[in-house]
Every structure is written in C-alpha cells, then in structure tokens.
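**Q** Give me coordinates for this.
(chains A and B)
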Amino acid sequence: MKKTYKIEVDCANCANKMEEAAKKTDGVKDCSVNFMALKMNVEFEDGADEKEVMKAVVKNCKKVEDDCEVYL
Amino acid sequence: MMTKKQKKVLIRIIVSTVLLVGLEIVFRFVEVNPYIRLALYLIPYFVIGYDILKKAGKGILNRQVLDENFLMAVATIGAIALQEYREGVAVMLFYQIGEFFQSYAVGKSRRNISDLMDIRPDYANLEMDGEVTKVEPDEVAIGGVIHVYPGEKIPIDGIVTEGESTLHTAALTGESVPRRVIAGDEVISGCVNISGILKVRTTKEFGESTVSKILDLVENAGSKKSRSENFITKFAKYYTPAVCIGALILALIVPTILLLMKQEVSYGDWIYRGLTFLVISCPCALVISIPLTFFAGIGGASKAGVLIKGSNYLEALSKVRTVLFDKTGTVTQGVFEVVGIHHNEMENQKLLEYVALIEGRSTHPIAKSIVEAYGGSLDFDRVTDLKEISGQGVAALVDGTAVAAGNARLMDALGVPYISCHHPGTIVHVAIDNKYAGHILISDILKPTSKEAMRGLRAAGVRKLVMLTGDMETVAKAVCEELGADDFCSDLLPEGKVEKVEAYLHMQNKGETLAFVGDGINDAPVLTRADIGIAMGALGSDAAIEAADVVLMDDDMLKVVQAKKIAIKCMRIVYENIVFALAVKALCLLLGALGIANMWLAIFADVGVMVIAVLNAIRALRVAKV
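**A** Below you'll find the model as predicted:
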C-alpha cells in the first residue's frame, strides 16, 4: 500500500535525511521525500499497521531533523 | 511575500549585522577590556545563532553529530575560543543569510509553479430543480448540469447543452488562440470561459476530470528521482563526514605529527584550519540546487503544456537520440482531405458536386472529405436510384445522368477504362454517363508544424527519426519523404510497433535513449516499452495519461521539440551547478588546508556558491518558445 503525506521541512538535505530515516523504520518498504513539493510518499510492508508505522516514522524523522513536521 | 518564519530571520539578520558593524566601528576608536569585548560580540552571536545552537544541542541528544547545525556551532564556538570573535559571529551571520536566501527562493518558486498551474476550480454552479447553487466540484455527480459564467473556469469535463462561448485553453495547452464552443461540443475542465454563459452536462466526476488528472500528475512529479539527484544525495551522505574527518586530522593529527618531527607548531593555527573545513562541510548548495532545477524545469514545462511525470524522465529526455513516432494523428492530421483531381475534362468543382451528391449522405471519412472539398450546398432531390456497391463504391442518377464513384474494381465492373494514379493516397475514380471522368485523390495531410518539428528535433540532437504506421508502404513512403524523416516502417499491426521499438532500443548506444510519440489511441504498450513514451493531445484519453511518461496537452509535434529543449537546458543547469559547487568547495578545502583561505573566504564561497546555484536553478523555470 502506498500513501502520500504532506510534510514541512526547511532544507533539502534535511528532507533527504527524513527520507533515509523513514526508510529505516520497521513496516516501511520504501519512501521518497519530495522536498520541492513537500510530500512524503510511503510504501508500507504488507500487513503493516499504517498508523503505528507512521507514528514511528515521525519519531525517527524528528530525531534526524528536529524542525520537521509530517501531517498524518 | 514572506512567511512569518522568514520575516523573523530577516529581522535577526538585520539586527545582528547592525550590531556587528557597530561593534567594529566602536572597537576601532575605543580600547575595550577583552572580557567586555567578548561579551559584546556574544550579543549579535546569540541574536543570529541561538536557534542553530539550540538545534545543535538537540542534535547531540539525538546523537546526530554530523548535523549541519552542530557543525556550524562547533566552527563558530571554536573561532570564538580562538579569540577570532569577529569571524565567529560573521560565519554564523552569513550561514543564516544563506539559509534565508535559500528558503525564500524555494518558497518563491513553489508559489510560481502553483500560480502557473492555476487551473484548480474552486466551485461549480450546479443546477438543481431549476435553481443554481454553488457547490464543491466533487459534489457534482455524472450527468449533473452545471452553469459556467464568463470569467469562470470549467470545473468538470462535460458536454455543452446550451449556450455558446469562446474558451481560453492557455492554462491547459499553452495555446493562446481561444476556442469557440457551441451546444453539443465537448469541453474539458480547466478551460476559462470568456464570453457567454454555458450550460454543461458533466460526463465525469471531478476526480476523473482532466483538471484533477493534470494537477495530480504535476504535483506527484518528482517522486521519481533522477540519477543526478540520487548521486547528490549519496554524495552529501559521504561528503559531510569526510570533511569532518579532514577537519579533525588538520586540527589535531597534523600538528601532532609535526611536533613529533620536532618542528615548531601552533595548535591554534591548525585548529583554525580545521574549523575552516567545518564551515565548508555543509552540502546545502548542491543538495538544494538539483531538485530546485528539476522542479523549475517541470513547472516551466507544465506552463508550456508539456507534463513531465518525474525528473528521471526529464533526464532521459535530454539524452534522446532516436525518436519513433506514429503517423496518423501524430504527424498527420488524421482527417482526410482532397489533395488533387486528375485526368478530368469537366471542371473540378462540377466533378466534385456530382460525387458529393451521390456520396453526400454517407458518414464515411472519404465521403465527408469530398463534401467538404465541394463546400457548396447540396440538393439531394436531384439524386435518384442510389446504389451502394459494397467494397466498390456508389452509383446513382444525378439529374438523370448515371454517376458512379469508387475504386478500380468499380470501374472494372462498369467496364470503364480508368487511369491509375501515381500519387499515394486513396483514389476515387469517377465515371459519368459510363465514361471515365477522372479521379479524385484523397489523403491524410501533414500537420502544418510537423516538418518544422522534425528539423527542430534534429537541431536538438536527435539523430534518427522513424515513422511507424499501419498504412501501406506507398503512403508511408510519401509522408516520410515529405516530412524529412530518416526511415519508416509500414503495414504494422499494434504488436508490430512494439517489436520495432524493441529493435531500435537494441540498436542504440549506451547512454542514449529512445522516445516514442503517439496520439495515445491504442498506443499504451508502445508508450510503456519506449524509454520515454510521449502521448500527445492526451486530454481526455486516460489510458494514454497512465501509460505515458510525458503528456503533451495538445497535439502539436513542436511540443516534443520544446520538451526536449527544456530537458537539455535543465540538465545543463544541473551539471553546471554540480561542477561549479564541487569545484569551489574543493578549492576552498585545499586553500583552507594550506592555511591560505581563512574563515571569511570559506563562508563567502559557501554562501556565494549556493546563491549562484539557486539563481541558476531558477532559470529552468523560463521556457523559450519554439
């Protein structure tokens, strides 16, 4: 399953770091962050609980870039 | 237009600049106690850098030591510790100026692009029980009747049931000539109604309408990243740690080795060099300018009516050396036209009138083209005894005279000797009163811009232009020659087109790409198979929008040239930025290591490169007319 989320982040490198962090999160199969469009496309693993996974994604993103927002 | 956040940063930049300059002037004339001097310098330092320091602190807690905030904090605190107060403050100040500029430029181009794509309708005027109410476009069901007033955008695709008007399609197709519509015409959402009131019966839901599809496509472009973007992302990942290790080596290991070699060393000097490294360690200029360029390029292309589904396709498009294209509807108009009348003794117009009279009631495209070529009014009462001879043509009496029009077999059947035509196309032989009266040549004509497009593509670096068609060889050959294409493949079935594309894919050199251009009807497999599938005039054809990588909003072959030019320009900017930023960084690192470049130079170079790279990237937004 794929979903797109709106995000808020200030710098392009931070967006890349968020992508990296999201990819490493359990339950995320793949992720692509589009800095210019401020969007995060997440592909979930089969059977993953989307809400729980996204909570973890946000937590991991905040770790690498404190000043970011993912609108769930 | 600035956001609150940006305004706040700007104020901090101004305040700390004024403070710093003020302090410099004061210290030039007044001798001040060194502790007070430090304290005074710390005021502008905290004004400009408090958020960076805070983020750096959080970074440490989250074990993100290679975070640029942390590195900036280390560099500036280090400089202050070395009693280079002025440099410490200035580095922080310029770093913030750079960040501010970047965020402003990015915000501005985001807005620019959404303005360019200002086709999203805000409401629909829905007619219900004789009353018209404003509703959200997605509340209108298929078959609902909506009113579109002058100045409004058509919110949903549909068919005009009442009224007539002119439509401005520029936002969709880049075409500036307005289109006239009357009852019965199909209209697509996103067009602006200029003059009259239109009643439109919707044929799609809002979500399935053209405007939603386009917005969806443009907004999601860029999630497919190009190789250059991935390269930079990877580079950034290794660059920062590498420079940091370099800084550590310069600051601690090199002087220690020199000391062991019993040379005189100043640790302060080497630490300073290490801190200079940290200033250059941020990969921002590179990381921001590449996606910004692609974003601007894709945005500028959308404005011109060329929708590109991702930066990877923009990259591939720039490398296109082979273009295969469909004939009918792509380079030709796909409508038949009378192009000649030969071997007739009767006047052209008279002959056409006879044939138009007997063919006039048919809906066959050939018959239609003859009626159109005649142009006058037809009195079908003059026609009697009309016979359609299947697979041959028609015969009838016009004013009592026998008229027959059809193919060679019809002439054979009538026993009328006929003259074959050496021109390619469909031939309609005419016999009047059982005598040969000449033939009418009908063919599909080229679009007016197709030839120019071929030349344009060659000028833009395409080496092979091949036309694919299901038509017979004579027709294909003639069109190919008139067009100035290199080759053609005729008599192809849809599967045959895929095979040809595959054959050409095998033939091309590494690093080159192949594009297929088609009008999107029955082309989906070919569009998918080519490196880049370009669907033209695809408004309304969902299958083509799905399958294609590049969608042209009208059916002008010149748009392909434009797309290719945009791609080339974009990639040139991308390479310029990569080379330029890397070269300046490398030079600064070298000069910094040798102790020639100080922190001032380092921060100037770093911010300067970013500003130039960003300005260069924004150039991609401007799209030249073809």
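**Q** How about the closest residue to chain A within the stretch 351-500 of chain B: what's its closest non-neighbour residue?
**A** Closest to chain A within the stretch 351-500 of chain B is B:Ala460: 25.8 Å, counting by CB to the nearest CB. In this view, the C-beta of every residue, glycine as well, is placed from N, C-alpha and C. Using CB to CB, 6 or more residues apart in numbering or on different chains and skipping the chain neighbours, the partner closest in space to B:Ala460 is B:Lys564 (4.6 Å).
**Q** The one you found falls within a helix, correct?
**A** Yes: under DSSP: H, G, I helix; E, B strand; the rest coil, B:Lys564 sits within a helix.
**Q** which residues does it contact?
**A** Counting by CB atoms under 8 Å, 6 or more residues apart in numbering or on different chains, B:Lys564 makes contact with B:Leu317, B:Ser318, B:Val320, B:Leu457, B:Ala460, B:Gly461, B:Val462.
**Q** Quick check: B:Ala73 vs B:Ile603, distance?
**A** 14 Å (CB to CB, to the nearest Å).
**Q** What's the local residue count around B:Lys237?
**A** Residues near B:Lys237, counting by other CB atoms under 10 Å in any protein chain shown, number 16.
**Q** sorry, back to before: which pair in the contacts of B:Lys564 has the greatest spatial separation?
**A** Spatially, the most separated pair among those is B:Ser318 and B:Leu457, at 13.0 Å (CB to CB).
**Q** Just want to know which of B:Ala73 and B:Ile603 has more residues nearby.
**A** Comparing B:Ala73 with B:Ile603 by neighbour count (other CB under 10 Å), the higher total belongs to B:Ile603, at 26 against 22.
**Q** Okay, and that one sits in which element?
**A** Of the helices and strands defined by DSSP states H and E, B:Ile603 is found in helix B:599-618.
**Q** lowest-confidence helix or strand of chain B?
**A** Lowest by mean pLDDT, DSSP states H and E among the helices and strands of chain B is helix B:170-173, with a mean of 71.
**Q** average model confidence for the helix or strand following that helix?
**A** Sequence order places strand B:179-181 as the next helix or strand after helix B:170-173, per DSSP H and E. The average pLDDT within strand B:179-181 is 87.
**Q** Mind listing the strands strand B:179-181 pairs with, and their directions?
**A** Strand B:179-181 pairs in its sheet with strand B:165-168 (antiparallel), by DSSP bridges.
**Q** Can I get the partner strand as CSV, trimmed to CA atoms?
**A** Extracted in CSV, the C-alpha atoms of strand B:165-168 (Å, rounded to 0.1, in the frame of the first residue of the first chain):
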residue,chain,number,x,y,z
SER,B,165,-18.9,30.9,-26.0
THR,B,166,-15.2,31.1,-26.5
LEU,B,167,-12.9,29.3,-24.2
HIS,B,168,-9.4,30.2,-23.2
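**Q** Would you pull up how far it lies from the middle of the chain?
**A** Put simply, strand B:165-168 sits 25 Å off its chain's centre (CA atoms, centre = their mean, to the nearest Å).
**Q** List of residues touching it?
**A** B:150, B:154, B:178-181, B:187, B:191-198.
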